[in-house]
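Engineer: Model the structure of this input:
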Amino acid sequence: MATNGLAGEWAEMDTANVSDDAPTVALPAGFAELLDRSFAGVVGLVRRVSDPSRSDPASLRAAVDIAVEVFAWARIRNLGDTDAGLTRVVRRALDRSLPLLTRPAHLCPLPVDLVPADLLDADLLTPETVTAWSTVGLSSQELRTALNDVDRNARRVGLATLGAQLTLEDTSALLDLRGDEALDALAEVAEQLTAHRRSSLRPSARTGAS
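Structural biologist: Model prediction:
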């Protein structure tokens, strides 16, 4: 099956032995192929959202649980081994991954095609922030707060890029986005990151009144 031009990245997400957790009952042929080719990749994608280093066994189990749920949903909808089927599965998996972003709280490294200046207004780019975001990443709690205030498409793009460290090009391929759709969605996320960062730095009303 074609993976929307993402064969290399998808293979990298493959997690050893996770296919053992896939359902083993008789399945419709098209869906069985989608499951066989994509289950491990979906697990890897979801796992990155909660555990970028993929070092915590608990994150693997949580990712497998979501993947099983997503593919059960896909089977009910008779999704087959097509790019469109994979796209719907990935979108659903990202939708279900948001709670994992802060379980536990962690740092989210930026993907290779993004820098702090892509995500915050210039006046918020202190040397400390630039160094931290460039080297270890932004707080998953800060990211989740921003994602809570954007539409579903922007949330998916934010989870894929900033949560799972996919490039914008790979995110566009997996989510079947055209032109500047991924970039525009990321701009929504950046707007909320900036707004919440600015709000957190503003003295509270109580402090100002004292």
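Engineer: I'd like the next helix or strand past the helix or strand containing Ala58.
Structural biologist: Here Ala58 sits within helix 57-76, counting by DSSP states H and E. Per DSSP H and E, the first helix or strand lying C-terminal to helix 57-76 is helix 83-97.
Engineer: Quick one: residues in contact with that next one.
Structural biologist: 1-4, 30, 34, 38, 42, 45-46, 49-50, 66-67, 69-71, 73-74, 77, 79, 152, 155-156, 159-160, 163, 174-176 (Cβ atoms under 8 Å, 6 or more residues apart in numbering). Placement of C-beta: from N, CA and C, glycine included.
Engineer: and if we set it to 6 Å?
Structural biologist: 2, 4, 34, 38, 42, 46, 49, 66, 70, 74, 79, 156, 159, 174, 176 (Cβ atoms under 6 Å, 6 or more residues apart in numbering).
Engineer: Over to stretch 148-159?
Structural biologist: By Cβ under 6 Å, 6+ apart, stretch 148-159 touches Val49, Leu94, Ser97, Leu147, Thr171, Ala182, Ala185, Leu186, Glu188, Val189, Gln192.
Engineer: thought Leu34 was touching Asn78?
Structural biologist: No: the pair Leu34 / Asn78 is not scored as a contact, 10.4 Å apart, by Cβ atoms under 6 Å.
Engineer: Touching, Arg197 and Leu124? I think so.
Structural biologist: Yes: here Arg197 lies in contact with Leu124, judged by Cβ under 6 Å, at a distance of 5.4 Å.
Engineer: Pull up the overlap in contacts between these two.
Structural biologist: Common neighbours of Arg197 and Leu124 (Cβ under 6 Å, 6+ apart) do not exist.
Engineer: related to what we said a few turns ago, for the contacts of stretch 148-159, which single residue is the most surrounded?
Structural biologist: Val49 (31 neighbours; other Cβ atoms under 10 Å).
Engineer: isn't it right next to Leu100, touching?
Structural biologist: Yes: with contact defined as Cβ under 6 Å, Val49 counts as touching Leu100 (5.1 Å).
Engineer: Give me the residue ranges of this protein where confidence is low.
Structural biologist: Across the chain, the ranges flagged by pLDDT under 70 are 1-26, 204-210.
Engineer: all helices for it, in order.
Structural biologist: 7-13, 29-50, 57-76, 83-97, 127-135, 140-147, 152-158, 168-175, 181-201, 205-209 (DSSP state H).
Engineer: mind giving me the domain split of the chain?
Structural biologist: 1-104, 105-201 (automatic domain parsing).
Engineer: hmm, who's touching stretch 119-137?
Structural biologist: Leu107, Cys108, Pro109, Pro116, Ala190, Leu193, Thr194, Arg197.
Engineer: re the thing from before, which among the contacts of helix 83-97 count as buried?
Structural biologist: 4, 34, 38, 42, 46, 49, 66, 70, 74, 79, 156, 159, 174 (16 or more other Cβ atoms under 10 Å).
Engineer: and which of the residues you listed is nearest to Pro57?
Structural biologist: For these, the closest approach to Pro57 (Cβ to Cβ) belongs to Val46, at 14.6 Å.
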